[in-house]
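Enquirer: Sequence first, then the predicted structure, then my questions.
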Amino acid sequence: MGSGRRYSDEAKLNYKKVFAVIIAIIVVIMAIIVIKNILTKAKNTKPLVKNNYVALYQDEKWGILGSNGEIVIEPMYQEMIIVVDKTKDIFLCTYDLDEENGTYKTKVINSKNEEMWTNYEKIEALENYDQAGNVWYEENVLKVQKDGKWGLIDLEGKELAPTIYDNIQTLKGLENSILVEKEGHIGLLNNKGAQIIDTQNTQILSLGEEYQNGYITVNQDNKYGVVSFSGEKILENQYEKIENIYSDKYFVIQENGKQQLIDRQGNKILTENFDEIKQIANSGIIFTRQGKYGFMNFEGNVIMEPTYDNLKEINTDIFLANKEGKAGVIDLEQNEKIAFNYQNISYDKKAGIYIADDENYQSTLIDSNFEIRLLGILSEINTDSGYMKLKMEDDYKYYNFKFEERNIQDILKTNKIYTSKQNGKYGFVDSKGNIVVDYIYDDATELNEYGYAAVKKDGLWGAINSNGEIVIEPYYNLDNNLKIDLIGKWQLGLDLNMNYYCDK
């Protein structure tokens with residue numbers, strides 16, 4: 001008798017299950033594609049105006065203003081609120097100031113007026129300034145106090161240097177150079193909190209105008225030496241004095257009250273025939289004798305007798321010279337490359353352009369071959385974007401550094417509208433030249449980074465937005481302002497160094 005089969009060896013498809021699996025896979029793939037598209041779109045979408053912050057002054061109180069002209073922090077503080085990084089939602093406030101006793105309190109708040117990092121007694125910005133007195137704050141770093149000692153944090157609140165120092169301040173004029181004091185001795189950190197120089201000195205001074213040039217150190221015996229920006233010892237602390245004159249090969253030291261030029265090995269190069277060394281140039285030194293400036297090479301041969309009122313190398317073997325109240329440019333053989341006809345001459349190294357100004361603030365722009373290329377009032381030279389803005393015959397024109405005229409649309413590519421002038425009046429057009437704002441204004445500025453342009457009519461200034469819409473009718477008399485700039489109804493303050501906006 002044959003046996004019966006309870007199951008079949010032959011596989012059979014369950015079509016319902018197969019279709020369900022296929023549909024599920026398709027749904028997952030579609031979901032992944034949708035999510036990817038959303039993320040890609042979000043990644044590539046940038047706001048028209050960055051979320052920047054500036055200090056606001058109103059009714060003798062200080063607050064914070066946002067990019068669109070909205071008040072972020074109501075004016076309520078007696079002291080100016082410090083914005084270390086205009087893109088960061090971090091503001092430093094000083095309050096309960098007692099000038100008589102020299103006491104004060106500080107705190108950090110965000111745009112919601114919430115206090116941050118309350119575990120510190122004080123939090124302060126690291127203020128610095130250049131030779132012209134322009135103030136800036138060290139980037140991405142704050143000094144903090146705990147238990148009476150100071151340390152460093154970044155703008156995320158991360159500790160960069162422990163709170164072990166008696167004092168912290170900037171080395172004035174140099175970025176990325178933070179002086180720390182411990183038990184009466186001075187050391188140096190960079191903006192990341194890394195130690196460059198131990199706290200074993202009585203002074204640390206700049207060597208040249210950039211931190212990359214290194215530093216002059218003074219030890220407990222009042223002897224001078226040199227340390228590189230990476231912390232390498234270049235000259236031992238054995239000199240009476242080292243001057244703040246930079247060269248990558250030579251140093252100006254002082255012995256028995258007399259300057260000398262030495263090399264990196266300490267060998268004496270030049271020791272006489274000058275009263276004072278003013279600059280180490282490419283081919284020698286600029287020196288003074290009896291109050292006049294001259295030039296000698298590194299062999300001690302005088303190339304230019306000391307007859308000039310001032311002398312400075314501004315390009316390789318090219319010198320700015322002053323005599324009889326006028327400025328000119330000469331070479332090593334004292335050939336006049338730019339005649340002594342100007343009030344002042346400067347050289348923009350990035351642009352490769354000499355800028356010669358007369359007593360009426362008219363600028364003559366001269367190329368590297370010393371050919372005059374443009375004349376006008378230089379309003380702006382932007383080496384980051386590679387253009388110059390000049391006022392010529394009562395109108396503004398733009399040029400690249402090849403002295404080729406450019407349309408404003410080629411310069412300010414992200415702007416939606418641009419100033420245009422017809423029959424002595426200003427209006428605004430779009431990138432195709434279509435009129436957006438009629439020609440009714442006596443003066444106007446281009447859109448600023450916040451998306452506003454200032455417009456002048458009948459002696460008063462107002463503002464329009466990037467769509468050409470009136471934000472505030474001409475209302476302000478800004479005759480005393482060095483720079484015209486508005487964020488909505490808020491105008492840039494008179495003191496440009498403070499960088500604040502107000503409504504008066």
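Expert: Thanks, I have it.

Enquirer: can I see the domain layout of the protein?
Expert: Segmentation of the chain into domains, based on automatic domain parsing, reads 205-267, 412-504.

Enquirer: Show the end-to-end separation of the first one, please.
Expert: Across domain 205-267, the straight-line distance between its terminal residues is 23 Å, by Cα to Cα, to the nearest Å.

Enquirer: pLDDT weak spots in this structure?
Expert: Along the chain, the parts satisfying pLDDT under 70 run over 1-50.

Enquirer: thought E210 was touching L174?
Expert: Yes: between E210 and L174 a contact is recorded at 7.0 Å, counting by Cβ atoms under 8 Å. From N, CA and C alone the C-beta is placed, and that goes for glycine too.

Enquirer: hang on, the earlier thing: save the domains of the chain as a markdown table, and put in mean neighbour count too.
Expert: As requested, the domains of the chain are arranged in a markdown table below (neighbours: other Cβ atoms under 10 Å):
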| stretch | mean neighbour count |
| --- | --- |
| domain 205-267 | 16 |
| domain 412-504 | 17 |
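
Enquirer: Kindly reformat the ones you listed as TSV containing distance to S368.
Expert: As requested, the domains of the chain are arranged in TSV below (distance: least, Cβ to Cβ, whole Å):
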stretch	distance to S368
domain 205-267	23
domain 412-504	27
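
Enquirer: Out of the ones you listed, which gets nearest to T364?
Expert: Among the domains of the chain, the nearest to T364 by Cβ to Cβ is domain 412-504 (23.0 Å).

Enquirer: From the rest of the structure, what touches stretch 192-206?
Expert: If you take Cβ atoms under 8 Å, 6 or more residues apart in numbering as the criterion, stretch 192-206 is touched by 141, 152, 159-161, 171, 173-174, 177, 179-183, 185-190, 213, 215-220, 222, 227, 229-231, 244.

Enquirer: First-to-last residue distance for that stretch?
Expert: 19 Å.

Enquirer: Could you do stretch 186-202 as well?
Expert: Terminal residues of stretch 186-202 are spaced 6 Å apart (Cα to Cα).

Enquirer: Tell me which residues of that stretch come out buried.
Expert: Buried positions in stretch 186-202, judged by neighbour count with 16 or more other Cβ atoms under 10 Å: I186, G187, L188, L189, N190, N191, G193, I196, I197, T199, N201.

Enquirer: neighbouring strands for the helix or strand containing F319, and are they parallel or not?
Expert: Element membership of F319, judged by DSSP states H and E, is strand 318-323. Strands that pair with strand 318-323, judged by DSSP bridges, come out as strand 310-315 (antiparallel), strand 326-331 (antiparallel).

Enquirer: Parallel or antiparallel, list what pairs with the helix or strand just after the last one.
Expert: So the one you mean is strand 326-331. Following strand 326-331 in sequence order, the next helix or strand is strand 336-342 (DSSP H and E). Note on strand 336-342: by DSSP bridges, its sheet partners are strand 326-331 (antiparallel).

Enquirer: and the partner strand, how far out from the chain's middle?
Expert: 30 Å (Cα atoms, centre = their mean, to the nearest Å).

Enquirer: Which residue ranges of the stretch 1-150 of the chain form helices?
Expert: Along the stretch 1-150 of the chain, counting by DSSP state H, counting those that start in this stretch, helices occupy 15-44.

Enquirer: Mean neighbour count and distance to N341 added to the strands paired with strand 318-323, as a markdown table?
Expert: Below are the strands paired with strand 318-323 laid out as a markdown table (neighbours: other Cβ atoms under 10 Å; distance: least, Cβ to Cβ, whole Å):
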| stretch | mean neighbour count | distance to N341 |
| --- | --- | --- |
| strand 310-315 | 18 | 16 |
| strand 326-331 | 19 | 6 |
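
Enquirer: Residues in contact with stretch 490-504: which ones?
Expert: Stretch 490-504 is contacted from outside by 54-58, 62, 65, 69, 80, 133-135, 461, 476, 478, 480-487, 489, using Cβ under 8 Å, 6+ apart.

Enquirer: Could you verify my assumption that I318 touches V329?
Expert: Yes: I318 is within contact range of V329, at 6.3 Å (criterion: Cβ under 8 Å).

Enquirer: Pull up the overlap in contacts between these two.
Expert: Here I318 and V329 have K337 as joint contacts, going by Cβ under 8 Å, 6+ apart.

Enquirer: Next, Q212: secondary structure please.
Expert: Put simply, Q212 is helix when judged by DSSP: H, G, I helix; E, B strand; the rest coil.

Enquirer: show me the contacts for it.
Expert: If you count contacts by Cβ under 8 Å, 6+ apart, Q212 has them with F229.

Enquirer: and it, how far is that from S228?
Expert: As judged by Cβ to Cβ, to the nearest Å, Q212 and S228 stand 9 Å apart.

Enquirer: Nearest residue to the middle of the chain?
Expert: The C-alpha lying nearest the average C-alpha coordinate of the chain belongs to W136 (Cα atoms, centre = their mean; 7.9 Å).

Enquirer: For it, which non-adjacent residue is spatially closest?
Expert: Excluding the flanking residues, the one nearest W136 by Cβ to Cβ, 6 or more residues apart in numbering is N128, at 5.6 Å.

Enquirer: And I178, by the same measure?
Expert: Distance criterion Cβ to Cβ, 6+ apart; nearest residue to I178, sequence neighbours excluded, is L189 at 4.6 Å.

Enquirer: these two touch, right, that neighbour and E181?
Expert: No: contact between L189 and E181 fails when scored by Cβ under 8 Å: they sit 11.4 Å apart.

Enquirer: Quick check: phi and psi at the nearest residue to I435 once chain neighbours are set aside.
Expert: Leaving aside its sequence neighbours, I435 sits nearest to V429 (Cβ to Cβ, 6+ apart; 5.6 Å). Dihedral pair for V429: phi -130, psi 160, per degrees, to the nearest 10.

Enquirer: Contacts only, for V429.
Expert: By Cβ under 8 Å, 6+ apart, the residues touching V429 are I417, Y418, S420, I435, V436.
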